[in-house]
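K.L.:
take a look and give me a structure for this.
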Amino acid sequence: MHVILSCAISVDGYLDDASDTRLVLSNKEDLARVHDVRAGVDAIMVGANTIRRDNPRLLVRDSMSGPTKVSVTASGDVDPASRFFTVGNATKLVYAPTPTAGPLRDRLRDLATVIDCGPIVELPWILDDLSARGVNRLMVEGGGTLLTQFLTAGLADELQLAIAPLFVGDPRAPRFVHDGHFGQPMVLAEVRQLDEIVVLRYLFGQRSVQSGSAGPTPEDRHRLQLDRAVRQAGIEAAHLLAAHRRGRDPTGGVRAAGATDIRGRRRCRDPGRGRRRGRRVGHGAGLIPLGGRLVAGRSHDQCDLSRALPTTSAQPGHGSRRSSLQRDCNGGGKAGASFPVCR
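P.N.:
Down below sits the predicted model:
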């Protein structure tokens, strides 16, 4: 099964504000994109809190038919009058633990099929059950708890993140994700600008490869290969340029004091006293500011500073700076973490 996570957030990572009125973060172009994605999946999943808070219809444009609607709840606190249940002719499935499933089935009656998933709700079990029901592509639209569970469990193949040009800045408002260990960094596959909205499309490496034909397209793989090649060439070019500017040989040795640089200018006789040009490894964009210029480099998860920076043991103080850069760039995290189920 191919799992797509989709949501719109503010610049500071909020799904909504803390008011009773829903904050619209998508424009017309982005909503049209979301409907196109919905039309290409077999099921759309949201958490019970999203049903209570946003009262979504989960339709494809205004069509009464569409992908199967799926929700997950541990408490069974969902309103049968919600538009999730009353609007559209699509199949509705609600997964709940054993203590909740029976009473919820009596309340919803024929509005939805309530599925008892055992003592606790486990997402891998739900995905297996959906797959057995013919769902090959699943779109998860929130909320934050459900998105966090998919991300920390490593169950997502793709993340489509629309970023609106505004800030919320309220700790009471719902965030895109909660605390957790999120595993390895993602791979940026596409960037789209829809008027003032920016849509980032990320792929999750290992799971996307294992998903076979349902994973990244051949165009995605070709784009990623080209991107890695360009970034690798940029890192090597930055290495050579930085070595010249510091008065060092690219292999790590120090050039003679008073030597001229690549532009024929005389360098400081004491390389340790000369002006040091700083560098920072760019996150996501894969750019390294070097002497006021942007040089293409690897992304945060792919950088290899053992190759990008020459040996600096000859200059006091550089070793600790290199170590901190390596720690910042190695990235990664611990696998999987358990979270309370959407209530």
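
K.L.:
ok, which stretches of the stretch 1-150 of the chain are strands?
P.N.:
2-9, 43-47, 68-72, 92-96, 113-116, 137-140 (DSSP state E, counting those that start in this stretch).

K.L.:
partner strands of the first one, parallel or antiparallel?
P.N.:
In the sheet, strand 2-9 lines up against strand 137-140 (parallel), strand 158-163 (parallel) (DSSP bridges).

K.L.:
quick revisit: which one of the strands of the stretch 1-150 of the chain lies closest to residue 153?
P.N.:
strand 2-9 (10.4 Å; C-beta to C-beta). Any C-beta I mention is one placed from the backbone N, CA and C, and that applies to glycine too.

K.L.:
neighbours of residue 71, how many?
P.N.:
Using other C-beta atoms under 10 Å, residue 71 is surrounded by 25 other residues.

K.L.:
quick check, it in contact with residue 45.
P.N.:
Yes: at 6.9 Å, residue 71 counts as touching residue 45 under the criterion of C-beta atoms under 8 Å.

K.L.:
that older thread, most tightly packed of the strands paired with strand 2-9?
P.N.:
Of these, the one with the most neighbours on average (mean count of other C-beta atoms under 10 Å) is strand 137-140, at a mean of 24.

K.L.:
ok so, going back, for the strands paired with strand 2-9, which one sits closest to residue 65?
P.N.:
It's strand 137-140; of the strands paired with strand 2-9, that one is closest to residue 65 (C-beta to C-beta) at 16.0 Å.

K.L.:
need the strands of the stretch 1-150 of the chain in JSON lines (columns: mean pLDDT and distance to residue 183).
P.N.:
Compiled in JSON lines, the strands of the stretch 1-150 of the chain are given as follows (pLDDT from 0 to 100; distance: least, C-beta to C-beta, whole Å):
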{"stretch": "strand 2-9", "mean pLDDT": "97", "distance to residue 183": "14"}
{"stretch": "strand 43-47", "mean pLDDT": "97", "distance to residue 183": "21"}
{"stretch": "strand 68-72", "mean pLDDT": "97", "distance to residue 183": "21"}
{"stretch": "strand 92-96", "mean pLDDT": "97", "distance to residue 183": "24"}
{"stretch": "strand 113-116", "mean pLDDT": "97", "distance to residue 183": "28"}
{"stretch": "strand 137-140", "mean pLDDT": "98", "distance to residue 183": "17"}
